[in-house]
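Student: here is my input; please provide its structure:
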Amino acid sequence: MKKYLTLGNILVCGAAVLGLVSLFMMFAPAISYTAEVGAFKGTQTFTGAQITFGYTEKSEVILGQTLEAQIFKFSFGNFLPYLLAVVGVVFAVLSIFFKCKYIAPAAAVCFLVAGVLFFCAVPFTVPAAKDATMKGYTLAAGAIVSGIFSIISAALCVVPVFIKK
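Tutor: Numbers count the residues shown, from 1 in each chain. Alright, predicted model coming up:
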């Protein structure tokens, strides 16, 4: 038991936990759109899952008719950071149990690239309409927190490489 309770393993375990938090931020608002019409200002937010896997908005019209409008399509650019974060978490956990000097740095690279890509959520979002632009969309808290936590996870995975016993 004591051989697993080292500072390096604690830091890598913390990196895995922060990586999981960045994954769960998929359900938090990732981008937002603010529109002004006259004196009224409205903001609509979309979660990371909506901008990654596509989003169709349903609205009920008079007499029970339902109108569906597709807002976003699947975006591989927004899927990639979540995939890299999963791979980073797996590598971080594996580095605790297997003493290979390349696993923790590989996790750090995955977390770092994922962290950078989380900040690119707006340009990677694919609108459903061909001529639609992403003008007016901004990053929201979910994408920002995911990016920050992934970069911190990368740093936590690299620190044990430089710590001497």
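
Student: what sits closest to residue 45 if chain neighbours are left out?
Tutor: Leaving aside its chain neighbours, residue 45 sits nearest to residue 29 (3.7 Å; criterion: CB to CB, 6 or more residues apart in numbering). Backbone N, C-alpha and C define where each C-beta goes, glycine included.

Student: what sits against the one you found?
Tutor: Contacts for residue 29 (CB atoms under 8 Å, 6 or more residues apart in numbering) come out as 45-47, 140-142.

Student: what's the farthest-apart pair in these?
Tutor: 46 and 141 (12.2 Å; CB to CB).

Student: which one of the two has more residues nearby?
Tutor: residue 46 (22 against 13; other CB atoms under 10 Å).

Student: contacts only, for the spatially most distant residue from the centre of the chain.
Tutor: Outermost residue of the chain with respect to the C-alpha centroid, by CA atoms, centre = their mean, is residue 63; its distance is 39.9 Å. By CB under 8 Å, 6+ apart, the contact list for residue 63 is empty.
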